[in-house]
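>>> below: sequence and its predicted model.
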Amino acid sequence: MQRIVVLAGGIGGARFLRGLQQAAPDADITVIGNTGDDIHLFGLKVCPDLDTVMYTLGGGIHEEQGWGRADETFTVKEELKAYGVGPEWFGLGDRDFATHIVRTQMMAAGYPLSAVTEALCQRWQPGVRLLPMTDDRVETHVLIKDPEGDGQKAVHFQEYWVRLRAAVEAHAVVPVGADQAKPAPGVLDAFAHADVIVFPPSNPVVSIGTILAVSGIREAIADAGVPVVGLSPIVGGTPVRGMADKLLSAIGVETSASAVARHYGSGLLDGWLVDTADAGAVPEVEAAGIRCRAVPLMMTDTDATARMAAEALTLAREVRA
Ligand code: FO1
């Protein structure tokens, strides 16, 4: 059985995984989920990326939105608002609240996040092994221009992304705590026993970049001795979804399919898929020592996504040969 390890952020990673499951129904898939987006709200621990993967693969996601639960209601949020308790800018629905309550309760009882995630997945049966990148606390902060002065100010990633809609200038992205964090149980083992490691078209800075920042993870991938292939989240010079361009600029990387591949580098990546619109970038990526192919990369539906996933697995076989 083919063992595939996938590094995943939220919506992009989750949708890619659904295609991968269709393309490789018999594969043993382990997902290393980003937890740098996690936030504590109303005394609860919220893990947006883990939940997005779990709900998407488990059939509970709000399909159009890409995050949160289907058939959601917001009574608790309205009641909190009536008490003057915010933040109002982060939309937690009633069904979603239950997940955060269970998680927080289990963690207060001493269970690590990895064990809690496994317990939550008992209900959702996502068909993959979902591991948080770490059980330790890591929080992505974005350094922005202080709107109330001339200086700079660090805000939580969710505040930058959701409240400020990435509309303010970002100077740096810091995965606070990542260098001291240890990979969660099972993560290093998954890399060591993988047949292929995949970077889906997730955000290269705050999703994949944060996972790679956890001490030992980048090295474990580079040393795994198996093909590492990625899919570009940038098509025709713009992010397929989200605001990845803002964060790429913050870390000094151009918003192009080729620049993202070179940012990961040939020390990490063996193969890279770009969209057919970026076919011109293939020689540049190959010159950087990364095998590159141009194929359609729009995740318009699960069939199209499955074809992308199949191309990634074919590229992995090619680089192994
Ligand atoms: N994204 C939004 O744009 N607005 C929200 O109010 C919001 C709430 C939210 C609640 C739970 C959850 O799991 C995800 C949520 N997201 C929301 C998505 C999230 O902010 C980001 O898209 C990810 O963290 C980036 O991967």
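Received the coordinates, thanks. Computed from a predicted model, the values in this text were never measured in an experiment.

>>> could you pull out the helices for the stretch 201-321 of the chain?
Secondary structure of the stretch 201-321 of the chain by DSSP state H, counting those that start in this stretch: the helices cover 208-213, 217-222, 244-250, 257-264, 282-287, 302-320.

>>> so which of the ones you listed is the most surrounded?
Mean neighbours per residue, mean count of other Cβ atoms under 10 Å, is largest over the helices of the stretch 201-321 of the chain for helix 208-213, with a mean of 25. (C-beta placed from N, C-alpha, C; glycine too.)

>>> keeping just the C-alphas, turn the helix or strand residue 79 falls within into PDB.
Secondary structure assignment for residue 79, by DSSP states H and E: helix 75-82. The C-alpha coordinates for helix 75-82 follow below in PDB (Å, rounded to 0.1, in the frame of the first residue of the first chain):
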ATOM      1  CA  THR A  75     -27.300  31.700  18.300                       C
ATOM      2  CA  VAL A  76     -24.400  31.500  20.700                       C
ATOM      3  CA  LYS A  77     -22.500  34.200  18.900                       C
ATOM      4  CA  GLU A  78     -25.600  36.500  19.000                       C
ATOM      5  CA  GLU A  79     -26.100  35.800  22.700                       C
ATOM      6  CA  LEU A  80     -22.400  36.600  23.400                       C
ATOM      7  CA  LYS A  81     -22.900  39.800  21.500                       C
ATOM      8  CA  ALA A  82     -25.900  40.700  23.700                       C
END
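
>>> what packs against that helix?
The criterion is 3 or more Cβ pairs under 8 Å, 6 or more residues apart in numbering; DSSP states H and E, and the helices and strands that helix 75-82 contacts are helix 94-108.

>>> just want the angle from the helix it packs on to helix 75-82.
Going by axes from the mean of the first three to the mean of the last three Cα atoms, to 10 degrees, helix 94-108 is angled at 80 degrees with respect to helix 75-82.

>>> distance check, the residue lying closest to residue 9 once chain neighbours are set aside against the ligand.
Computed as Cβ to Cβ, 6 or more residues apart in numbering, the closest residue to residue 9 that is not its neighbour in sequence is residue 207, at 2.5 Å. Separation of residue 207 from the ligand (Cβ to the nearest ligand atom, to the nearest Å) stands at 6 Å.

>>> got the contact list for residue 207?
With Cβ atoms under 8 Å, 6 or more residues apart in numbering as the criterion, the residues that contact residue 207 are 7, 8, 9, 10, 12, 13, 34, 49.

>>> confirm that the fifth one sits in a helix.
Yes. Looking at residue 12 with DSSP: H, G, I helix; E, B strand; the rest coil, it is inside a helix.

>>> ok, it touching residue 235?
No. Counting by Cβ atoms under 8 Å, residue 12 sits too far from residue 235 to count as a contact (11.8 Å).

>>> between these two, which one's more packed in?
Neighbours of residue 12 and residue 235, each counted by other Cβ atoms under 10 Å, are more numerous for residue 12; the result is 25 against 20.

>>> I figured residue 113 was touching residue 133, is that so?
No. Applying Cβ under 8 Å as the test, residue 113 and residue 133 come out as separate, 9.7 Å apart.

>>> more crowded one of those two?
Comparing residue 113 with residue 133 by neighbour count (other Cβ under 10 Å), the higher total belongs to residue 133, at 30 against 24.

>>> let's see the pLDDT reported for that one.
Looking at residue 133, its pLDDT reads 98.

>>> show me the contacts for it.
When contacts are counted by Cβ under 8 Å, 6+ apart, residue 133 touches 32-36, 181, 183-184, 187, 210-211, 214, 217.

>>> closest residue of the stretch 151-300 of the chain to the ligand?
Nearest to the ligand in the stretch 151-300 of the chain, going by Cβ to the nearest ligand atom, is residue 162, at a distance of 4.2 Å.

>>> so how far is residue 8 from that residue?
Relative to residue 8, residue 162 is positioned 19 Å away (Cβ to Cβ, to the nearest Å).

>>> the two: who's more crowded?
Just comparing residue 162 and residue 8: by other Cβ under 10 Å the higher neighbour count belongs to residue 8, 30 against 16.

>>> who's in contact with the more buried one?
By Cβ under 8 Å, 6+ apart, the neighbours of residue 8 are 14, 16, 17, 31, 32, 33, 34, 49, 53, 200, 202, 207.

>>> in strands only, show me these.
Of the contacts of residue 8, the ones assigned to strands by DSSP state E are 31, 32, 33.

>>> which members of the residues you listed are classed as buried?
Neighbour counting by 16 or more other Cβ atoms under 10 Å classes 31, 32, 33 among the ones in strands among the contacts of residue 8 as buried.
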